[in-house]
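Chemist: Next comes the sequence, and after it the predicted model I'd like to discuss.
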Amino acid sequence: MTDTKITKEVVASHGLSVEEYQKVLEILGREPNLVELGIFSVMWSEHCSYKSSKVYLKNFPTTAQWVIQGPGENAGVIYIGEGIGVVFKMESHNHPSFIEPYQGAATGVGGILRDIFTMGARPVANLNSLRFGSLEEPKQRYLLNGVVAGIAGYGNCMGIPTVGGEVYFNDCYKGNILVNAMTVGLVRVDKIFKGNASGIGNPVVYVGSKTGRDGIHGATMASAEFGEGSEEKRPTVQVGDPFTEKLLLEACLEVFKTDYVVGIQDMGAAGLTSSSFEMASRAGTGIEMVLDDVPMREEGMTPYEIMLSESQERMLLVAREGTEEKIVEIFKKWDLDAVVVGRVTDDGFMRIKMHGQTVAELPVKPLADGAPLYNRPVKRPEYQTELQTLDLKTIKEPVDYNDVLLKLLDSPTIASKRWIYRQYDHMVRTNTVVLPGSDAAVIRVKGTTKGLAMTTDCNSRYCYLDPYTGGMIAVAEAARNIVCSGGKPMAVTDCLNFGNPEKPEIMWQFQQATLGLSKACSTLDTPVIGGNVSLYNETQGVAIHPTPTVGMVGLLDDVAHHCTSWFKNDGDVIILLGLNREEIGGSEYLKVIHALEKGMPPSLDLTLEKAVQDSCLEGIQKGLIKSAHDCSEGGLAVSLAECCFTAEGHRIGARIELPVDIRKDALLFGESQSRIVVTVSETDLQEFKGIAENCKAPVTVIGRVGGERLSINDLIELPVQEMEKAWSEAIPRRLGV
Amino acid sequence: MIAKVYVTLKKGVLDPQGKAVQHSLESIGYKEAEDVRIGKFIEIKLADIPKPDAEKKVKEMCEKLLANTVIENYRFEIL
Amino acid sequence: MIAKVYVTLKKGVLDPQGKAVQHSLESIGYKEAEDVRIGKFIEIKLADIPKPDAEKKVKEMCEKLLANTVIENYRFEIL
Amino acid sequence: MKFGIVVFPGSNCDHDCYHVVKNVLGQEAEYIWHKETQINGFDCLILPGGFSYGDYLRTGAIAMFSPVMKEVKEFADEGGLVIGICNGFQILVEAGLLPGVLMRNKDLKFICENRYIRVESNDFPFTRLYKKGEVVRMPIAHADGNYFADDETLKRIQDNGQIIFRYCDADGNITENANPNGSLLNIAGICNEKRNVLGIMPHPERCAEDILGNVDGKRFFESVLSSF
Ligand SMILES: Nc1ncnc2c1ncn2[C@@H]1O[C@H](COP(=O)(O)OP(=O)(O)O)[C@@H](O)[C@H]1O
Ligand SMILES: [Mg+2]
């Protein structure tokens, strides 16, 4: 195998360009053998090296007083006081989920969980962001079913509650669905573990499942545009084993209580290769590994296969010399393999042996950190101007607003996601204080009074129409959701899903969107502490809408002061924080009712945003606000409707009078940003108004809670029950259940 | 007419379920069970149609629904 | 030596999974699939022991673990 | 009172049960590893929810062979109180400590949501503090909670009053709509003939604290305490 001649074709089939291969030759001063070529190919794949995206990721604000670990480790960490750190990260598993939705999504969850517990943290919550094509297509229904079952299958078995997420449906995803999974964990800050292979002579220990021929070249696959023949790549799909991962989690947490572990990293994409190289690179060391000792599931595996396998549920750990046996003992208790497969060396080389021969000998640094970096050409698409043009005069105002509202509630993107989160165990660990179905989920931190709010957000249609504004809005909306639940926004993880970076138009989207994210994160003081990039989300040349998903975590000092989105009591005063503008570009209304994805997305004024958020948060913390719900897809009318029926087993109506100074469809369904609908009791109204004025947030009293109908001016008049029916049945009906 | 369909995991695909069962058998004393793979056994009652048609239909059913051909193989017999 | 074990639901025990599959088959146009029952097909690689011993052992494995005889039947063959 | 919480590989509600016993009820609690062959000094054993052995093959099937199960059986035979919640219930039926089986939910999906259940019997250590016929709300979270038994067994447990909880609507009516998973007779929880072993699919430990918005499950644990 090592004798295979390295021809042009072999190089090309490893996804390396001619220039990249030239660089390989320079680094080595010789030709690589096949094992070495395979290692280069995965380490330098887009997925592992970030070669197209790195120049832009540098723009993210990544520090704050409370940030303990920013980007660069397996996951970022923030400090919430009392010695507790919160570890979180989001990652994509898009391509595998398209090929095999159940296993693809399941192993996506498994992967992100390992990123969190490899830091020494116990995972306490999962979230996800999902995107599919239209549910009218059987294939998309199949994908949705499989992905949701896969996420549920893995997360439920692990006993980690899946507390939130988002789901969008748009034709642009029909050939490239998105499955982004996020995990949040808790750690004692003096017990954070990192991916470091330090200490010359220290043993390198392989723990977890045996290695099979799974997913070889998975990392390369995730970095290649789908072609016609991609179905052929099927056998590279990995099968997840959440049971083994649960054992791995408990065993790792047990080992972390000792002082045996020097460094640890999960074997994710590119398995043994990336974990060993990255750990050695961070520590500036080398490793000598003997592959014969790697636990194997199949016979006759070659060094190439062992190094590139993406078998799941494995970790690589560097231990203090002399503790090997004790470590093995702990893993044995959990029925897991733990085997010393190598030693840390001082010469900066990765030396890999098998059957008594050296099968690869590569310098660590150039491979791990020396991947070619691209500042790829950037060009604003020709079509962008036309796309952003929307002449409101050509958009006819509807005759029947009730009908429009019902249609919007029935749009799967807006409709209830209960069919989905009902399949996720969202209560296990008995911490979930705000369950899925409100804005951000809230979990308590046992042993303290604190709580964490968390959410994922991105409206990719906005990003398509104007990636800069869209990127900003993703952050602002996430923060708004956190605030509506009573949390103070703390930090961000992102998952940047885009098309083919070799196209200047896609790279422009990437550049603009990341600049937008950076701007909003700086202004809202929510640094980016980690994330993931997924490129090449294209099928036959058609790219997805740019989708920079934002995952955000917020802090509640007192979890008792959490808030939910739905109306509470008869007679409460309904207040709108923020301003209604005449903005219908990029709205769900325009799409569902007028079949257009056009115009400028809503504008975002970050100063106004901050004012609205600050006043809402203060109102919640002071115990004045009884419900808070932000306006997003479907605008004010949809938000108000949702406030009427999202409480479990409790419907309540409202009478609303809005000042009409803009088009009525924009007033009801426009998606102006920086708006939150809150309720307070009559007696608290003045005090809350005072807070809002202090924060310079525009406040308008727009109505009262009560009755069994929602009425808005003389435009909307609907029984709550009828609205709820449309909203709650939209997805199950399309799935035929 | 009955179709009996056997769906098995492809070679090399991890079978967590089989692994757990083998482990359990071993721990309760059945050391002779060296490997276990778990698949599906599906019985379909078919309307009376000519056998060649049945073969064709069942094959299609397997491809489309009964087996996940990304990771599974299938075979069937018609009685 | 290989043991092939077939575990099927007893007659009279509802098979929601089979029903769901039958329903899907019908909805994608296979009206001839009148009833579907889903069971397990377990392949056990056995150490080389005399066949009568193997029969005895496999029967025990079925009784103890592989089938729940409240709702399931099993049969097996040893090859 | 001292509770033992049995931990199987794959148990994942063990911490939750421990938390309620220890921090909410203020009682003693200790984990019991499934390989344990000696268990002493416990007043009540809880087999918690989760996915023991990944729920592979059949839920609860592999766990019943864990060494600790022999001890659990002896403990139950001697009249000790044993509670199986969710996966614990599944293990108890597979191990033969409770009659019947728990099959796949009728819609084949995992279901996590709050449900109403009716307390069918309160002359019993686990439900003493509830009223007979009382309707309480508890979360369920399972894929295999569809209770099945043959006609004879079903009649027997009915006649003996072994059915303790049934899914119902908010007003206490036992209807098909109120049945989340296809369970025969809407069964959500049963006990053995001696009435010292209980299996329950809903999770009382998930609704025993104010901050979680529901305390209907607290009296379940308090009942156990008060009968001790
Ligand atoms: N979009 C991004 N924003 C910020 N940090 C990022 C982003 N993408 C990747 N990173 C950081 O780069 C590092 C490597 O990420 P990644 O390769 O995804 O990790 P893994 O090895 O777990 O797959 C991580 O610390 C991650 O947080
Ligand atoms: Mg990682």
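Modeler: Looks like it came in fine. Ligands and ions are numbered 1, 2, ... in the order given.
Chemist: and the gap between A:Q103 and chain D?
Modeler: For A:Q103, the distance to chain D equals 15 Å [Cβ to the nearest Cβ, to the nearest Å]. Where C-beta positions appear, they are placed from N, C-alpha and C, glycine not excepted.
Chemist: Give me the helices and strands touching the helix or strand that that residue is a member of, please.
Modeler: Using DSSP states H and E, A:Q103 sits in helix A:101-117. Here helix A:101-117 touches strand A:84-92, helix A:94-99, strand A:122-132, helix A:138-158, strand A:178-188, helix A:242-256, strand A:261-266, going by 3 or more Cβ pairs under 8 Å, 6 or more residues apart in numbering or on different chains; DSSP states H and E.
Chemist: which one of the ones you listed lies closest to A:I584?
Modeler: Judged by Cβ to Cβ, the one of the helices and strands packed on helix A:101-117 that comes nearest to A:I584 is strand A:122-132, at 22.6 Å.
Chemist: That closest one near ligand 1 at all?
Modeler: No - residues of strand A:122-132 contacting ligand 1 under Cβ under 6 Å from any ligand atom: none, with a closest distance of 13.7 Å.
Chemist: does any part of that strand sit near chain D?
Modeler: No - applying Cβ under 8 Å from any Cβ of the partner chain, one finds strand A:122-132 separated from chain D by no less than 9.6 Å.
Chemist: on that earlier part again, for D:E152, which of the helices and strands packed on helix A:101-117 is the nearest?
Modeler: Comparing those by Cβ to Cβ, helix A:138-158 comes nearest, at 34.2 Å.
Chemist: Now do that closest one: distance to the chain's middle.
Modeler: Put simply, helix A:138-158 sits 16 Å off its chain's centre (Cα atoms, centre = their mean, to the nearest Å).
Chemist: Bridged to B:L9, which residues?
Modeler: Beta-bridge pairing of B:L9 under DSSP bridges involves B:E72.
Chemist: residue contacts, it?
Modeler: Neighbour list for B:L9: B:15, B:18, B:37-39, B:71-73 [criterion: Cβ atoms under 8 Å, 6 or more residues apart in numbering or on different chains].
Chemist: any idea which of the residues you listed is closest to D:G88?
Modeler: The nearest member of the contacts of B:L9 to D:G88, counting by Cβ to Cβ, is B:I38 at 24.1 Å.
Chemist: as a whole number, average confidence for the host helix or strand of the closest one?
Modeler: Here B:I38 sits within strand B:33-46, counting by DSSP H and E. Averaging pLDDT along strand B:33-46 gives 97.
Chemist: Now do that strand: which elements does it pack against?
Modeler: Here strand B:33-46 touches strand B:2-9, helix B:16-27, helix B:51-61, strand C:2-9, strand C:33-46, going by 3+ Cβ pairs under 8 Å, 6+ apart.
Chemist: Using CSV, list the CA coordinates for that strand.
Modeler: C-alpha atoms of strand B:33-46 as CSV (Å, rounded to 0.1, in the frame of the first residue of the first chain):
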residue,chain,number,x,y,z
ALA,B,33,-21.0,-16.5,20.5
GLU,B,34,-18.1,-14.8,18.9
ASP,B,35,-19.9,-12.2,16.9
VAL,B,36,-23.5,-11.1,16.6
ARG,B,37,-25.1,-9.0,13.8
ILE,B,38,-28.7,-7.9,14.1
GLY,B,39,-30.8,-7.3,11.1
LYS,B,40,-34.5,-7.3,10.2
PHE,B,41,-36.8,-10.1,9.1
ILE,B,42,-39.8,-8.7,7.3
GLU,B,43,-42.8,-10.8,6.3
ILE,B,44,-45.1,-9.3,3.7
LYS,B,45,-48.4,-10.8,2.8
LEU,B,46,-48.8,-10.2,-0.9
